[in-house]
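Asks: what would the 3D arrangement of this be:
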Amino acid sequence: MAKAVWNGVVLAESDDTILVEGNHYFPLADVNLDYFSETDFHTTCPWKGEASYYSVTVDD
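Replies: As a prediction, the model looks like this:
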């Protein structure tokens, strides 16, 4: 099981991640969105498509 932890808080946990170039991509359903706020920043990769970026806030 892959787990993303920041400052002791579990942000995401899943048995169903996709591994791309050594990075785990979590299904949105397995991400705790309470700690994320969307930014206006986006990038595009020719083979992965558009990426959206979020800020993480844990304990202010």
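Asks: centre-most residue in the protein?
Replies: What sits nearest the mean C-alpha location of the chain, by Cα atoms, centre = their mean, is Phe26, with 6.1 Å.
Asks: show me what the strand or helix carrying Asp40 pairs with in its sheet, parallel or antiparallel.
Replies: Assigned by DSSP states H and E, Asp40 belongs to strand 36-45. The pairing partners recorded for strand 36-45 under DSSP bridges are strand 49-56 (antiparallel).
Asks: one step back: hang on, the residue nearest to the centre of the chain packs against Met1?
Replies: No: at 11.0 Å, Phe26 does not count as touching Met1 under the criterion of Cβ atoms under 8 Å. C-beta here means a position set from N, CA and C on the backbone, and glycine is covered the same way.
Asks: shared neighbours, those two?
Replies: Ser14 (Cβ atoms under 8 Å, 6 or more residues apart in numbering).
Asks: give the other helices and strands that the particular helix or strand that has Val5 in it contacts.
Replies: Val5 is part of strand 2-6, with elements assigned from DSSP H and E. Using 3 or more Cβ pairs under 8 Å, 6 or more residues apart in numbering; DSSP states H and E, the elements in contact with strand 2-6 are strand 9-14.
Asks: quick one: contacts for Thr43?
Replies: Thr43 sits next to 50-51, 53 when contact means Cβ under 8 Å, 6+ apart.
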